[in-house]
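Enquirer: Just the structure for this:
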Amino acid sequence: MTTSTSPSISEAVLNIGGMTCSSCSSSVTAAAQAVPGVMRASVDLIGECATIGYVTDQCTAESVAEAIEDIGFEASILTDRKLDSTKSNGVKNHAPNCGGANNQTGLINGNGTKKSYSTFSDTPQTVEAKFALEGLTCATCVNAVNQAVASIGSEKG
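Expert: So this is what the prediction gives:
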């Protein structure tokens, strides 16, 4: 009698160094996806990171990092965790956590239960925020976002 078990799925966030344009991020994505066992690779050019979903029986976060390094980029593992396969149908497609190894509040786990939030007060404050954006395919997209962010707060009301 054979029993069917679902494959063990993990998700790693890698810090990627040396990317300067969308062609770089596309190359990193292609290198990661070429590793047997990688189910999904999402690269954030601005955040200099990649979120990789993979089958642990077929590859490791280290093997994906090596593949990225083989094409000329720096790659180091920020986080690597096994996903609960009973609650997750594979790897959820969400933005990578690119705030760095110490910024764990932005992680959303495989079943989407851990999220970060902020509260606001009436007192003006300086706030630093990091966002992972998807769909920015060229410098024009990045410039449009930069202009929109720069305009926030410029209108006194």
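Enquirer: Strands of this structure, start to end?
Expert: 9-17, 38-44, 49-55, 74-82 (DSSP state E).
Enquirer: Quick one, which of those strands gets closest to residue 148.
Expert: For these, the distance to residue 148 is smallest for strand 38-44, at 17.9 Å, taking Cβ to Cβ. To be clear about C-beta, it is placed using only N, CA and C from the backbone, and glycine gets the same treatment.
Enquirer: Against residue 147, how distant is the closest residue to residue 63 other than its chain neighbours?
Expert: Residue nearest to residue 63 in three dimensions, not counting chain neighbours: residue 35, with 5.9 Å by Cβ to Cβ, 6 or more residues apart in numbering. Separation of residue 35 from residue 147 (Cβ to Cβ, to the nearest Å): 37 Å.
Enquirer: for residue 66, same thing?
Expert: Counting by Cβ to Cβ - residue 66 and residue 147 are separated by 38 Å.
Enquirer: quick one: which of these two has more around it?
Expert: More neighbours surround residue 66 than the other of residue 66 and residue 147, with 13 against 9 (other Cβ atoms under 10 Å).
Enquirer: is the residue nearest to that one when sequence neighbours are not counted in a bridge, and if so with what?
Expert: The shortest distance from residue 66 to any non-neighbouring residue, by Cβ to Cβ, 6+ apart, is to residue 75 (7.7 Å). Using DSSP bridges, the bridge partners assigned to residue 75 are residue 16.
Enquirer: For residue 75, report the pLDDT, please.
Expert: Here, the pLDDT recorded for residue 75 equals 96.
Enquirer: For it, give me its contacts.
Expert: Applying Cβ atoms under 8 Å, 6 or more residues apart in numbering to residue 75 gives the contacts 14, 15, 16, 17, 50, 64, 65, 66, 68, 69.
Enquirer: Which of these has the largest number of neighbours?
Expert: In those, the most neighbours by other Cβ under 10 Å go to residue 50, 29 neighbours.
Enquirer: how close does that residue get to residue 143?
Expert: Counting by Cβ to Cβ, the gap from residue 50 to residue 143 is 23 Å.
Enquirer: One more: residue 84?
Expert: Taken as Cβ to Cβ, the span from residue 84 to residue 143 is 40 Å.
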